[in-house]
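K.L.:
With the input below, show me the fold.
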Amino acid sequence: MGRAAKERLNRALSEHLNTIHETFQVLDQTPASSLTKVSWNEVIQLGEQLSKQATTVGMLWTGETPEIKALEENMAAYFNTLQGFLLLSHGSIVGAGPTLSSCIHASVKQVVDCSFMLFKECVASYGSRIKDGKLSIPQLVGTIWDACSALKKTPATNITAIGRAMTQVAVSMKDVLREMKELKPASDPADETCYQASVKAEKSPHDSDDSCEEDDLGNDLSPEEMKIAQLAMVVVSEMLVLIKELIRSITGLLKQENLDNSSDSVNALERLLKLCQEIGEQVDELGACLYPPQEAPVMKAASEKISSIVDEMQVDVENLNGSSEAFFQACIALMNSLEQFKTEVESSSPADDLIPKIQNLDVNN
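P.N.:
Numbers count the residues shown, from 1 in each chain. From the prediction side, this is the model:
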């Protein structure tokens, strides 16, 4: 009887899982703009209902193995609610751009994955004398609570989603800036610290003889290279200010009615995010180039690329009517820093411009 009951539950669960898999694929399809947009609050409320139903399922396992009928009924009720949850979630992405859609998709998938784990464990534990499965069921109920609670933190608008994505770019830039600040100039030749360390190492053969090299790792920038590194730090700092002001300008757009659902506005916001991400890539490039030997042509190209991106940013922000005086001033400050940086790079490596000319010389002339 126990084996037959478990097979029965497995068949029922398999049908429910297949239904949810098919429904979940709807989230990959862009809903027609003519559809009525579902408020994200409605999705949150249905998520709370799922949490309560998951708790009811967990309570079935507080004593002995539950009756199969009770488990089947609760399973059917839960997956029926989960299917409605998915359909509502699909309705919430009406007018959503790629960034917002991706955020919603990730949050919804987490709820679905946790739900699958709970009911697979319930069926696997049914009729089993092993307590491990039964003990894990309350924990799996807790993961559903967490996933449904996280829905409240999921961005509900394109502007919020894109603002958060830009913040992530800024976080990455801060990491690069922190690494830049760890760069130090080469030791003064008169400084005998390394020499003393090497002498000490000779006296203590069992100690590591790499201590001096490790201490000097990344500290061998010449004065000229260090100056370039310092100017690069200023550039990245100014870029962080620019990103901050850009995010402020974008969040200020939330006050403009219907802007978040306008396809033109959403496309413009997505372009701004892409430009931010491109700046982030150039910052990574700059950070890598500062280690000796410094690559002047790459640094110059990165600074020119950033200047071009900032020009595009200003146009897009103005088209959205989101430009502010602080954003405008941040653009000017960054452009000035970039110009100083590029000038220093060019003056420190004049030979770079001569290499192509020398290579093109006809040695027979």
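K.L.:
Okay, now the unreliable bits of the chain?
P.N.:
Where the chain drops to pLDDT under 70, the residues are 1, 63, 129-135, 187-219, 256-261, 322-323, 349-365.
K.L.:
Mind splitting it into its structural domains?
P.N.:
For the chain, the domain assignment from automatic domain parsing gives the residue ranges 2-156, 160-185+221-349, 187-220.
K.L.:
Export the ones you listed as TSV, with columns for mean neighbour count.
P.N.:
Every residue, glycine included, has its C-beta placed from N, CA and C. Shown next, in TSV, are the domains of the chain (neighbours: other C-beta atoms under 10 Å):
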stretch	mean neighbour count
domain 2-156	17
domain 160-185+221-349	18
domain 187-220	11
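K.L.:
you'd agree residue 112 is up against residue 82?
P.N.:
Yes: between residue 112 and residue 82 a contact is recorded at 7.1 Å, counting by C-beta atoms under 8 Å.
K.L.:
Got the phi and psi for the most centrally placed residue in the chain?
P.N.:
The residue lying closest to the centre of the chain (C-alpha atoms, centre = their mean) is residue 168, at 5.5 Å. Here is the backbone geometry of residue 168 (degrees, to the nearest 10): phi -60, psi -40.
K.L.:
could you measure it against residue 276, distance?
P.N.:
As judged by C-beta to C-beta, to the nearest Å, residue 168 and residue 276 stand 9 Å apart.
K.L.:
for residue 332, same thing?
P.N.:
Residue 332 sits at a distance of 18 Å from residue 276 (criterion: C-beta to C-beta).
K.L.:
Please apply the same query to residue 294.
P.N.:
26 Å.
K.L.:
Can you tell me the SS state at residue 31?
P.N.:
Here residue 31 is recorded as coil under DSSP: H, G, I helix; E, B strand; the rest coil.
K.L.:
List the contacts of the nearest residue to it once chain neighbours are set aside.
P.N.:
Spatial nearest neighbour of residue 31, chain neighbours left out: residue 94 (4.9 Å); criterion: C-beta to C-beta, 6 or more residues apart in numbering. If a contact means C-beta atoms under 8 Å, 6 or more residues apart in numbering, then residue 94 has 31, 32, 33, 35, 36, 37, 38, 261 as its contacts.
K.L.:
Against residue 126, how distant is residue 94?
P.N.:
From residue 94 to residue 126 the distance is 40 Å (C-beta to C-beta).
K.L.:
same check, this time on residue 345
P.N.:
Computed as C-beta to C-beta, the residue 345 to residue 126 distance reads 69 Å.
K.L.:
Repeat that for residue 29.
P.N.:
Distance from residue 29 to residue 126, by C-beta to C-beta: 36 Å.
K.L.:
With residue 158 instead?
P.N.:
45 Å.
K.L.:
in what helix or strand does residue 163 lie?
P.N.:
helix 158-181 (DSSP states H and E).
K.L.:
Mind jotting down where the helices sit in the stretch 151-300 of the chain?
P.N.:
Secondary structure of the stretch 151-300 of the chain (DSSP state H, counting those that start in this stretch): helices at 158-181, 193-203, 211-215, 223-251, 263-289, 296-319.
K.L.:
just checking, what packs against the last one?
P.N.:
Translated: helix 296-319. Packing partners of helix 296-319 (3 or more C-beta pairs under 8 Å, 6 or more residues apart in numbering; DSSP states H and E): helix 223-251, helix 263-289, helix 325-348.
K.L.:
what's the closest of the ones you listed to residue 51?
P.N.:
Checking those against residue 51 by C-beta to C-beta gives helix 223-251 as the closest, at 30.1 Å.
K.L.:
how about the helices in the stretch 1-150 of the chain?
P.N.:
2-24, 40-59, 68-92, 98-125, 131-149.
K.L.:
What lies in contact with the first one?
P.N.:
Same thing as helix 2-24. With C-beta under 8 Å, 6+ apart as the criterion, helix 2-24 contacts 68, 71-72, 75-76, 79, 82-83, 86-87, 108-109, 112, 115-116, 119-120, 123, 126-127.
K.L.:
swap the cut-off to 7 Å and go again
P.N.:
68, 71-72, 75, 79, 82-83, 86-87, 112, 116, 119, 123, 126-127 (C-beta atoms under 7 Å, 6 or more residues apart in numbering).
K.L.:
Show me which pair in those residues is furthest apart.
P.N.:
87 and 127 (33.9 Å).
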